[in-house]
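Q: sequence isn't available, so here's the structure alone:
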């Protein structure tokens, strides 16, 4: 006697955008069993085959694969909306270098939950994060892994390592190891070796980073050629662009995702393509910090995997991934003065399967296919913004925001249900973050930029 099929859940939509083949299914559904996708097809066919399954979603909804955020910094979540008057180098000196020594494991934990909730509510199911801090009193970054497990968000986690600010190389390596151990024990996160920038590491530190990445078999997460000043400084120091220098020292022998890649010449682009380096495009942060426009169409035409990133909460200053999707299209159009420069369909590919490919995770996530992880986003078709779907790709890319997202599934569990975070108390996290944010900006001496700075907590030279 044949056993009945395991009971699952049918996630229904007027349109299922698979990021695979076929690209879209009208009046479709995704069947979830446990943590994985068991079937994808029309709703009528799946309903007939699995009549006892629970049905969620509706006949007017849009269903997509979970979005893959390929670059961010949970280390900035407590200092959003600050110092808008600066370009990148100025902003790093004015804000980031000041807060780095004061970030604690508790700040990493609470700040990461705060940022992760924002990402989830805008459809992100995977976050490639680089936590930038100066760990002077013990490990900080394990708090990120703990937070993502609790809130229900996948993480690819790295420590934005650098030794130019006085921290010892051994302290940097200890932080790498602490995060690596935390992700090994994590339900949802994995580890990458972080390199803040080429310029933030001494030659000895960069050699250690290359060797560590090679020895542990982990990928690398790095910032590359975000602004012209960075390129000029590294050319002056080494006689090569940062990208060429990374190849020279062997960094690209490990799978590498490079954030930004705005100021890249022909030779740089050839290296990225030849060495299989992926790129994380951060259009909102690049615009806010006046960094420039990444040549996304040309990079993609060379076969380079290009994903989208929200970047840091203080350099964006939002963690709204849907805003990034729309801005990615608009930047290319305004840069070229061509309405055909970039399309909604291309942007959604970057948000899903291309982002997964950039992280080497396209066999697990990034599309709605049988056997892949059940990371699914449902857009509410009964909301005013989604009410009339003329083209589902354009509807998602141009018309929606977090308020249109009904449900977000990560590994077969709903981390967002009816627009609400399910696994943690949002109000409690928000309340805890206020106290920590006030402490951080006060100790970092940011009273000139933040009304939260408490004069009763004077800034200090030493943490």
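A: Nice, I can see it. Bear in mind that the values here come from a model prediction, so they are computed numbers and not experimental data.

Q: contacts only, for residue 153.
A: Under the criterion of CB atoms under 8 Å, 6 or more residues apart in numbering, the contact list for residue 153 reads 116, 119-120, 124-127, 188, 410, 415. In short, each C-beta sits where N, CA and C put it, glycine included.

Q: give me that answer again for 7 Å
A: 116, 119-120, 125, 127, 188, 410, 415 (CB atoms under 7 Å, 6 or more residues apart in numbering).

Q: which ones among these are found in helices?
A: Among these, the subset assigned to helices under DSSP state H consists of 116, 119-120.

Q: which one (most neighbours) among those?
A: Of all those, the highest neighbour tally under other CB atoms under 10 Å goes to residue 116, namely 30 neighbours.

Q: quickly note the distance from it to residue 148.
A: 6 Å (CB to CB, to the nearest Å).

Q: number of residues surrounding residue 165?
A: 11.

Q: got it, and residue 306?
A: 26.

Q: which residues does it bridge with?
A: Counting by DSSP bridges, residue 306 is bridged to residue 279.

Q: and the pLDDT at it?
A: Listed pLDDT for residue 306 reads 98.

Q: if we can go back for a sec, farthest-apart pair in the contacts of residue 153, please.
A: Taking CB to CB as the measure, the contacts of residue 153 span a maximum distance of 13.0 Å, between 119 and 188.

Q: ok, so of the ones in helices among the contacts of residue 153, who is nearest residue 452?
A: Taking the ones in helices among the contacts of residue 153 together and measuring to residue 452 by CB to CB, the closest member is residue 116, at 21.8 Å.

Q: domain ranges for the protein?
A: Using automatic domain parsing, the domains assigned to the chain come out as 9-65+366-420, 67-358.

Q: which one of the ones you listed lies closest to residue 441?
A: Of those, nearest to residue 441 by CB to CB is domain 67-358, at 6.5 Å.

Q: dump the residue contacts of residue 416.
A: Neighbour list for residue 416: 120-121, 405, 407-408, 422 [criterion: CB under 7 Å, 6+ apart].

Q: contacting residues around the nearest residue to it once chain neighbours are set aside?
A: Spatial nearest neighbour of residue 416, chain neighbours left out: residue 408 (3.8 Å); criterion: CB to CB, 6 or more residues apart in numbering. Taking CB under 7 Å, 6+ apart, we find residue 408 in contact with 66, 120, 123, 125, 377, 414-416.

Q: gap between the closest residue to residue 285 other than its chain neighbours and residue 88?
A: The shortest distance from residue 285 to any non-neighbouring residue, by CB to CB, 6+ apart, is to residue 311 (3.5 Å). Distance from residue 311 to residue 88, counting by CB to CB: 11 Å.

Q: the two - which one has more neighbours?
A: Neighbour count, other CB under 10 Å: between residue 311 and residue 88, residue 311 has more, with 32 against 21.

Q: re the thing from before, now the residue nearest to residue 285: phi and psi?
A: Main-chain torsions, residue 311, degrees, to the nearest 10: phi 60, psi -170.

Q: inside strands: which ones of the contacts of residue 408?
A: 125, 377, 414-416 (DSSP state E).

Q: ok, back up a step: compare the domains of the chain and give me the one nearest residue 447.
A: Nearest of the domains of the chain (CB to CB): domain 67-358, 11.1 Å.

Q: and that closest one, end to end?
A: 13 Å (CA to CA, to the nearest Å).

Q: same question for stretch 297-314.
A: 27 Å.

Q: how about residues contacting it?
A: Against stretch 297-314 from outside (CB under 7 Å, 6+ apart): 68-73, 76-77, 79-80, 82, 95, 115, 259, 269, 272-273, 278-282, 285, 296, 316, 319, 321, 324-325, 328, 332, 341-342, 350-351, 354-355, 357-358.

Q: can you mark which positions in it are buried?
A: Buried residues in stretch 297-314, counted by 16 or more other CB atoms under 10 Å: 297, 299-300, 304-314.

Q: so which residues make contact with stretch 436-444?
A: Contacts for stretch 436-444 (CB under 7 Å, 6+ apart): 78-79, 98-99, 102, 106-107, 110, 450, 452-454, 457, 459-460.

Q: not counting its neighbours along the chain, what's nearest residue 368?
A: residue 18 (4.3 Å).

Q: please tell me how far residue 94 sits from residue 85.
A: As judged by CB to CB, residue 94 and residue 85 stand 9 Å apart.

Q: tell me which of those two has more neighbours.
A: residue 94 (16 against 8).

Q: in three-state terms, label the more buried one for me.
A: helix (DSSP: H, G, I helix; E, B strand; the rest coil).

Q: buried ones in the host helix or strand of residue 325?
A: Per DSSP states H and E, residue 325 falls inside helix 321-336. Buried residues in helix 321-336, counted by 16+ other CB under 10 Å: 321-329, 331-332, 335.

Q: go on, stretch 380-393?
A: Quick answer for stretch 380-393 (16+ other CB under 10 Å): 380-381, 383, 386, 389, 392-393.

Q: can you get me the start-to-end distance on that stretch?
A: 14 Å.

Q: swap in stretch 291-304?
A: End to end - CA to CA - stretch 291-304 spans 21 Å.

Q: hey, where'd the strands end up in the stretch 201-350 of the chain?
A: 220-224, 256-260, 278-281, 306-308 (DSSP state E, counting those that start in this stretch).

Q: what's the closest of those to residue 245?
A: strand 220-224 (9.8 Å).

Q: which other residues reach the closest one?
A: Strand 220-224 has contacts (CB under 7 Å, 6+ apart) with 128, 130, 158, 192-197, 213, 242-243, 251, 254, 256-261.

Q: and if you look at stretch 375-395?
A: Identification of contacts with stretch 375-395 by CB under 7 Å, 6+ apart yields 11, 13-15, 17, 24, 30, 57-58, 60-67, 123, 125, 344-345, 348, 365, 368, 396, 399-400, 404-411.

Q: can you rerun that using 6 Å?
A: The contact list for stretch 375-395 (CB atoms under 6 Å, 6 or more residues apart in numbering) reads 11, 14-15, 17, 30, 57-58, 60-64, 66, 123, 125, 344-345, 348, 365, 399-400, 404, 406-410.
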